[in-house]
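In: this one's sequence-less:
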């Protein structure tokens, strides 16, 4: 009832080992990659002046590396420059699980946790590849349509690379898992599926040139 | 162009002061509450053995308090028992902002950051209210339809309360903000709106009693 949960292989490190409900854990590379690729944003955790801070940001994956970007002035990226450890969470919400008891209510989700110390990308060609990947991660097809990046813009953006070798996934699928006696109760139970849906594109009112809506905008969808 | 962004009042504490793009910041209580109430999950950041950890979880707001819950065995709630500081981020993604340059691409979002030290809720009546609020936060109308909570379930759930006095919101709305010269380029620009959409409810195949789908399920929507 708790769904198709798998332990594909062992955790890559003790802290990457999923402790709560380990039957929902997976260290399967393809599953981890697919969750990272489908999610539009991730949440980064870092320690600043001894306090934990969580910030949502855009990411992209290239092979076994997660790329993050931002302004050189950002607290998050300043912290990364010092080689501090960070934690990244990527979560896709797939549904609300209504059980007979409040206690067994749950959500269906696919989630990835990554631990590691990011490095600031110094190589220009790796940095350009990462910036292209970040744009293409959000709107595939967009990079080649954009006005090319200027030198000032390129230098004014910091890119950080986090290896994905300490990553784990946690997945819940399927219907509610109720107490045996509760199945006799006249209470509706099931799942309300959830998805992130694109609406009609809104053209910038400041468009001065008539340009048709590109297919990657009018037919926008997340990879699955 | 960057949208309707407001500084309603001063930040409640130095660390709650939004540093990056402060023109997108707000400390308006109603705005903060509406973002927390609409979001289905939040991301909690805490420090465990010196490393930052980020975990997605369900929350509910009652007045000026954010409630979180979990198993007494969870790392997150074990940390809370010691009075450690945490950080909570709540983010709603409203759209993808396509500018003429890759550099000015952005997202429309509404986001809240809370800092504080949670307390474990010891009072039974406050705890029951919080558990009801958490269930009702996800599916309004559900609590009264559930099989009442047993004493074992009640005792087997830990509830933590985080005051919302150190909270700030950050909001981006509207179309792209491009470089002046770029507006002449024949490049489509605008916004792809995004929303979290409920699908057709999936009845638990293990339902043994014919029960009609409750209106709060068939007409499910997030508060706005």
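Out: Alright, I've got the coordinates. All of these numbers come straight from a predicted model, not from anything done at the bench.

In: now do the buried residues in the host helix or strand of residue A:135.
Out: Per DSSP states H and E, residue A:135 falls inside helix A:124-138. Within helix A:124-138, the residues scored as buried using 16 or more other Cβ atoms under 10 Å in any protein chain shown are A:127, A:129-138. Where C-beta positions appear, they are placed from N, C-alpha and C, glycine not excepted.

In: and the longest strand for chain A?
Out: In chain A, taking DSSP state E as the definition, the longest strand is strand A:86-98.

In: any low-confidence regions in chain A?
Out: Applying pLDDT under 70 to chain A flags residues A:1-10, A:19, A:79, A:81.

In: next up, the contacts around the residue nearest the centre of it.
Out: Nearest to the geometric centre of chain A sits residue A:90, at 3.4 Å (Cα atoms, centre = their mean). Contact analysis of residue A:90 by Cβ atoms under 8 Å, 6 or more residues apart in numbering or on different chains lists A:35-36, A:39, A:42-43, A:59, A:111-112, A:114.

In: and residue A:96, by the same measure?
Out: Here residue A:96 is in contact with A:105, A:107-108, A:191-192, A:194, B:40, B:138-139, B:220 (Cβ under 8 Å, 6+ apart).

In: rerun that using 10 Å as the cut-off
Out: With contact taken as Cβ atoms under 10 Å, 6 or more residues apart in numbering or on different chains, residue A:96 is in contact with A:105-108, A:190-194, B:40, B:58, B:138-139, B:142, B:198, B:201, B:217, B:220.

In: so where do the strands sit in chain A?
Out: Listed in chain order, the strands of chain A (DSSP E) span A:25-26, A:42-48, A:51-57, A:59-62, A:65-70, A:86-98, A:106-116, A:119-120, A:158-163, A:167-172, A:190-198, A:202-203.

In: same list, the ones you listed, but as CSV with distance to residue B:67 please.
Out: Converted to CSV, those look like this (distance: least, Cβ to Cβ, whole Å):
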stretch, distance to residue B:67
strand A:25-26, 27
strand A:42-48, 20
strand A:51-57, 18
strand A:59-62, 30
strand A:65-70, 31
strand A:86-98, 18
strand A:106-116, 16
strand A:119-120, 39
strand A:158-163, 32
strand A:167-172, 22
strand A:190-198, 22
strand A:202-203, 36
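
In: for residue B:30, which of those is the nearest?
Out: Residue B:30 sits nearest to strand A:51-57 of all these, at 21.5 Å, using Cβ to Cβ.

In: note down every partner strand of the closest one and its orientation.
Out: Neighbouring strands of strand A:51-57 in its sheet, by DSSP bridges, are strand A:42-48 (antiparallel).

In: now the angle from the strand it pairs with to strand A:158-163?
Out: Interaxial angle of strand A:42-48 relative to strand A:158-163 (axes from the mean of the first three to the mean of the last three Cα atoms, to 10 degrees): 100 degrees.
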